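> Need the 3D shape of this:
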Amino acid sequence: MLKLYYKFNFATEPKKGYEGKYTILREYCKNKKQNETKKATIRVETNPGIAAQVDWKEDMVMHDKFGRTYQFNIFLYVLHYSKMKYITLTWDRKQDTLFECLKDAFEYTEGVPKEIWFDNMRTVVDRSRTQYKKVVFNNLFYQFSKDANFEPIACRPYRPQTKGSVESLAKFVEQRLRPYDYEFYDAVELIELVDDLCHELNHLEISQATEQRPIDVFNYEEKEHLNFFNAKLLDTYIENECIRIVSKESMINFRKGKYSVPTKYIGEEVQVIFNNSTDELLIYYDGELIRRHNLSERKFNYIVEDMSEILKSDVFKHKDDKEILTYIENSLLLYDEI
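Numbers count the residues shown, from 1 in each chain. Down below sits the predicted model:
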């Protein structure tokens, strides 16, 4: 009887719900999503202290006037509202390098925005956002973001409006650096070119978006809206012990600097340990201490004996010891000024 009751009382009723075409519904959903994205983008662009974008200009290759090749990356950081920028050269894109670059950007702008938008880089996300799944941030990176006092946001793939500022900056930086290919003297001068460009972009040039210098908009409208951050707390995320391979320049990378070792270790794996109590960088090969450096803000850190060996094996191989020593003394004075 229950089956008969259902058949005559419910089965004959018309189905409720949307009766239009699927294409109309799909177009409605598409437009709604676009409108929500525009709202978010407008909120970011028109409110000071809300957000910044981060990305890398990856694997740039340039040559000095002697023909030596340099492969490097440019870290890119842009505050949405003022268009204030921080760019710096790095030799790798490791996670602790990212942490150090972010900390430097916060120090450069004297604060942290409420949100920072990232591309789906491997040092930031363990799983990218898809149509069906939410993004999963890397645990260590997520903890860094909490301690730095910002909310990380992963940009959707193929969504140019969410990372347009930093992508434009990446193209612009390459255009500005490319004319110096085969023109600069050495890696130190290359680093100076990037640092000078950062200053010019903020203090000398007019932003097309605001029609003002970024530094002016930043100082008068955005700076006061940035969050406080604890620099010493963020230092704990920068690794103190690692394994490095000695480059053909007879250098190892640690944080954002390079440190020399004797040339016989080129191509070898070495252990690098930073001693927090003495601010010393200790470099070991097969358990033997081969070099000791003071941790430095300089990008290049040479021991005189190492630099002499390096020069004798390269462009100065036809020079005598006195000429090489004079060059080293002048170079080390220059490095001290950087």
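
> And the residue nearest the centre of this structure?
Closest to where the C-alpha atoms of the chain average out (C-alpha atoms, centre = their mean) is F75, at 3.4 Å.

> Which secondary structure element is home to that one?
According to DSSP states H and E, F75 maps onto strand 69-79.

> ok, back up a step: how about the residue nearest to the centre of the chain, what does it touch?
V54, W56, Y86, I87, T88, L89, T90, L98, C101, A105 (C-beta atoms under 8 Å, 6 or more residues apart in numbering). Backbone N, C-alpha and C define where each C-beta goes, glycine included.

> now, which of the residues you listed sits nearest E192?
Nearest to E192, judged by C-beta to C-beta, of those is L89 at 9.6 Å.

> the helices in this protein, which residues?
Taking DSSP state H to define them, one finds helices in the chain at 2-9, 22-46, 95-109, 139-148, 164-177, 187-203, 214-217, 231-235, 304-312, 321-336.

> List the buried residues of the fourth one.
Read it as helix 139-148. Under the neighbour-count criterion of 16 or more other C-beta atoms under 10 Å, helix 139-148 has F141, F144, S145, A148 buried.

> The second one and I116: what is the separation?
Here F144 is placed at a distance of 11 Å from I116 (C-beta to C-beta, to the nearest Å).

> residues bridging contact with the two, i.e. touching both?
In contact with both F144 and I116: L102, using C-beta under 8 Å, 6+ apart.

> Now do stretch 294-312: distance to the chain's middle.
Remark: stretch 294-312 is offset 25 Å from the chain centroid, using C-alpha atoms, centre = their mean, to the nearest Å.

> where does the protein have low pLDDT?
Within the chain, the segments meeting pLDDT under 70 span 1-46, 128-133, 156-164, 310-338.

> quick one, domains of it?
Annotated domains of the chain cover 46-234, 241-336 [automatic domain parsing].

> any idea which of the ones you listed is most buried?
For those, average neighbour numbers computed from mean count of other C-beta atoms under 10 Å are highest in domain 46-234, which has a mean of 17.

> Distance from the chain centre to that one, please.
The answer for domain 46-234 is 5 Å, by C-alpha atoms, centre = their mean.

> Nearest to N240, out of the buried residues of helix 139-148: which one, please.
Checking the buried residues of helix 139-148 against N240 by C-beta to C-beta gives F144 as the nearest, at 15.6 Å.

> List the contacts of the nearest residue to the closest one once chain neighbours are set aside.
Spatially, and ignoring its direct neighbours in sequence, F144 is nearest to Y237 (5.2 Å; C-beta to C-beta, 6 or more residues apart in numbering). Counting by C-beta under 8 Å, 6+ apart, Y237 touches D96, F99, L140, F144, D147.

> how close does Y237 sit to F99?
Y237 sits at a distance of 5 Å from F99 (criterion: C-beta to C-beta).

> and for the two, which residues touch both?
The contact sets of Y237 and F99 overlap at F144 (C-beta under 8 Å, 6+ apart).

> could you give the angle of the lengthiest strand in the chain to helix 95-109?
Looking across the chain with DSSP state E, the single longest strand is strand 51-63. Inter-element angle recorded for strand 51-63 and helix 95-109: 110 degrees (by axes from the mean of the first three to the mean of the last three C-alpha atoms, to 10 degrees).

> which other helices and strands contact strand 51-63?
The elements that strand 51-63 packs onto, with contact taken as 3 or more C-beta pairs under 8 Å, 6 or more residues apart in numbering; DSSP states H and E, are strand 69-79, strand 115-118, helix 164-177.

> Would you mind extracting the C-alpha trace of the first one into CSV?
Output in CSV follows, covering the C-alpha atoms of strand 69-79 (Å, rounded to 0.1, in the frame of the first residue of the first chain):
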residue,chain,number,x,y,z
THR,A,69,79.0,33.3,-16.5
TYR,A,70,76.8,34.1,-13.5
GLN,A,71,73.5,32.3,-12.9
PHE,A,72,71.4,33.9,-10.3
ASN,A,73,67.9,34.8,-9.1
ILE,A,74,66.1,38.0,-8.2
PHE,A,75,63.8,38.0,-5.2
LEU,A,76,60.8,40.3,-5.9
TYR,A,77,58.6,41.9,-3.2
VAL,A,78,55.9,44.5,-4.0
LEU,A,79,53.5,46.3,-1.6
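
> Within its sheet, name the partner strands of it and how each one runs.
Paired strands of strand 69-79, with direction, are strand 51-63 (antiparallel), strand 85-90 (antiparallel) (DSSP bridges).
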